[in-house]
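>>> Quick one: sequence and predicted model below, then my questions.
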Amino acid sequence: MTITLRTENVTKKFGGVIAVNNISIKIKKGSVTAIIGPNGAGKTTLLNLISGVLYPDKGKIFFEEKDITKMPPYKRARLGIARTFQNISIIPSLTVLGNVISGIIGINMSNNMMKLFDAKQINKEVNSTIYKKAYEILNKVKLSDRALKLAIELTQAEQRVLDIAIALATEPRLLLLDEPTSGLAYEDIPHIVNLIKDLKKTDHMLTIILVEHKLDVVKDLADKVIVMSEGKILTEGSYNDVINNRDVIEVYLGEEYVESKKY
């Protein structure tokens, strides 16, 4: 079994609060791992530590056996780690195509600087190789028919897909998704689920870690589920194993939990 990511006794404190407490995990290459747990469990903090937004107070983080514990986020991105956040991070004034191109070439400008560009002309400023790659990504996520629309004109679900497309533009081998279905309408959730399924099916080198509250989404996607509570790992295993775990029921689901209808 090839391990893409592992952490050793990772701990992060904020003042007197231990947000992540002595976490050791191993994430298999090509797998989808879901991290679940109550609010305040430390799930997003763990993603922040993996992506480099935060550094641990102690412990080690390894990506493909390379120690990245103190590596800044931009270097982790160059290594092959990409991240989306709970809040969609796109450039509204650019076209859909322009947003993906910005991911490819690493554009990181302030809103004021971005006003210097004609949003519908940015595609003319890049070479054909980048242009072609951007369209390939849009085809992969089924947004190619929206390529020349402004990002602000997309639906919220389409903006979420675009957010993932921008992450894919960096050619990651580890993709971190923080609540990818958050804020979406009920009928839009299957679109995101199917996109992640397609990524798993078409790119066996891609490893995905997602934080998700909707258990039916977790059930559909995850090869392994990690349950966190109060900064610690409560248990991990298959969906069926963790959902029937007595500690998980008491701490997270509640005794009255009955598996809901899909989404």
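Perfect, thanks for sending it.

>>> Quick one: mean pLDDT for stretch 100-117?
Averaged over stretch 100-117, pLDDT sits at 60.

>>> which residues are contacting the host helix or strand of K75?
For K75, the host element (DSSP states H and E) is helix 73-79. If you take CB atoms under 8 Å, 6 or more residues apart in numbering as the criterion, helix 73-79 is touched by S51, G52, V53, F63, E64, K66, I68, M71, T170, P172. Using the backbone N, CA and C atoms, a C-beta is placed for each residue, glycine as well.

>>> Now do the contacts for the first one.
For S51, the contacting residues are P73, R76, I81, R83, L176, taking CB under 8 Å, 6+ apart as the criterion.

>>> repeat that for 6 Å
Residues in contact with S51 (CB atoms under 6 Å, 6 or more residues apart in numbering) are R83, L176.

>>> Over to the second one?
G52 makes contact with P72, P73, R76, according to CB under 6 Å, 6+ apart.

>>> how near is the first one to I130?
To tie it back to what came earlier, the one meant is P72. 25 Å (CB to CB, to the nearest Å).

>>> These two: which is more packed in?
I130 (16 against 11; other CB atoms under 10 Å).

>>> For my notes, confirm that one occurs in a helix.
Yes. Under DSSP: H, G, I helix; E, B strand; the rest coil, I130 falls within a helix.

>>> Please name the nearest non-neighbouring residue to it.
I104 (5.4 Å; CB to CB, 6 or more residues apart in numbering).

>>> Neighbours of that neighbour, how many?
By other CB under 10 Å, neighbour count at I104 equals 19.

>>> Work out for me the element it sits within.
helix 96-105.

>>> do the same with G59
Short version, using DSSP H and E: G59 is in strand 58-63.

>>> Off-centre distance for that strand?
19 Å (CA atoms, centre = their mean, to the nearest Å).

>>> and if you look at stretch 31-51?
On CA atoms, centre = their mean, the centre of stretch 31-51 falls 10 Å from that of its chain.

>>> can you pull the contacts of R160?
I88.

>>> Please settle this for me: is it part of a strand?
No. Counting by three-state DSSP, R160 is not part of a strand but helix.
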